[in-house]
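Undergrad: pasting the structure only:
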Ligand SMILES: CC[C@@H](C(=O)O)C(=O)SCCNC(=O)CCNC(=O)[C@H](O)C(C)(C)COP(=O)(O)OP(=O)(O)OC[C@H]1O[C@@H](n2cnc3c(N)ncnc32)[C@H](O)[C@@H]1OP(=O)(O)O
Ligand SMILES: [Co+2]
């Protein structure tokens, strides 16, 4: 089951500048900065009510964020939903014909297992599923 709009992922060129901008815009400091080696990204998270803003900067030419920003301007990169059972949702979406970008959940930022749905099968939006890793 989809339970929450977990975060909006924003691709940025300059993480420090974007962090300062969003600190001013939201009137609150970020609660976390995290490097995710598996995705070759640096992230900064802001809490906004029950959802989050995730700023993302690529850390290598192979990063999905670096490739995205080579073609498009800064802005919304993906929409992430919290799910209660990521494997069950992956199986359900696959059965419905959505194209999943990973066969197994992988380690994301902020203590999550994640899976991506190809934007070509989701009306032009890159969708991320997230499930909190139990303590
Ligand atoms: C920090 C970890 C995690 C978290 O915990 O929150 C993250 O958020 S990591 C975020 C970064 N990681 C990812 O995005 C992984 C999943 N993404 C991918 O696998 C790829 O980026 C992609 C979506 C498969 C695209 O890669 P590729 O096919 O190599 O790129 P192209 O430039 O050739 O694009 C093909 C096609 O798709 C369109 N596209 C690409 N990215 C997006 C996007 N973010 N939103 C919407 N559309 C997108 C692109 O425009 C191309 O379209 P056409 O030009 O019409 O063919
Ligand atoms: Co994300």
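TA: Structure's in. What do you need? Fair warning: this is a prediction, and the values are worked out from it, not measured in the lab. Ligands and ions are numbered 1, 2, ... in the order given.

Undergrad: Compute the mean per-residue pLDDT across stretch 35-42, please.
TA: Stretch 35-42 shows a mean pLDDT of 97.

Undergrad: just stretch 76-96 next, same as before
TA: 98.

Undergrad: buried sites along that stretch?
TA: Using 16 or more other C-beta atoms under 10 Å as the test for burial, stretch 76-96 gives 77, 78, 79, 80, 81, 82, 83, 86, 89, 90, 93. No exception for glycine: its C-beta is placed from N, CA and C like everyone else's.

Undergrad: for stretch 59-72, same thing?
TA: Buried residues in stretch 59-72, counted by 16+ other C-beta under 10 Å: 59, 63, 64, 65, 66, 68, 69.

Undergrad: Is the longest helix anywhere in the chain in proximity to ligand 1?
TA: Ordering each helix of the chain by length in residues (DSSP state H) puts helix 15-26 first. No. Helix 15-26 lies apart from ligand 1 when judged by C-beta under 6 Å from any ligand atom; the minimum separation is 12.4 Å.

Undergrad: Tell me the helices and strands packed up against the next helix-or-strand element following that helix.
TA: Per DSSP states H and E, helix 15-26 leads on to strand 32-36 as the next helix or strand towards the C-terminus. Contacts defined by 3 or more C-beta pairs under 8 Å, 6 or more residues apart in numbering; DSSP states H and E place strand 32-36 against strand 41-48.

Undergrad: Okay, angle between the strand it packs on and helix 15-26 too, please.
TA: If you take axes from the mean of the first three to the mean of the last three C-alpha atoms, to 10 degrees, strand 41-48 sits at 10 degrees to helix 15-26.

Undergrad: In this protein, which residue sits closest to ligand 2?
TA: residue 9 (4.0 Å; C-beta to the ion).

Undergrad: isn't that residue right up against residue 56?
TA: Yes. The criterion here is C-beta atoms under 8 Å, and residue 9 meets it with residue 56 at 5.6 Å.

Undergrad: Near ligand 2, which residues of the protein? Just list them.
TA: Residues of the chain found near ligand 2 (C-beta under 5 Å from the ion) are 9, 54, 80, 128.

Undergrad: now, which of these lie close to ligand 1?
TA: With C-beta under 6 Å from any ligand atom as the criterion, the residues of the chain next to ligand 2 include 9, 54, 80, 128 near ligand 1.
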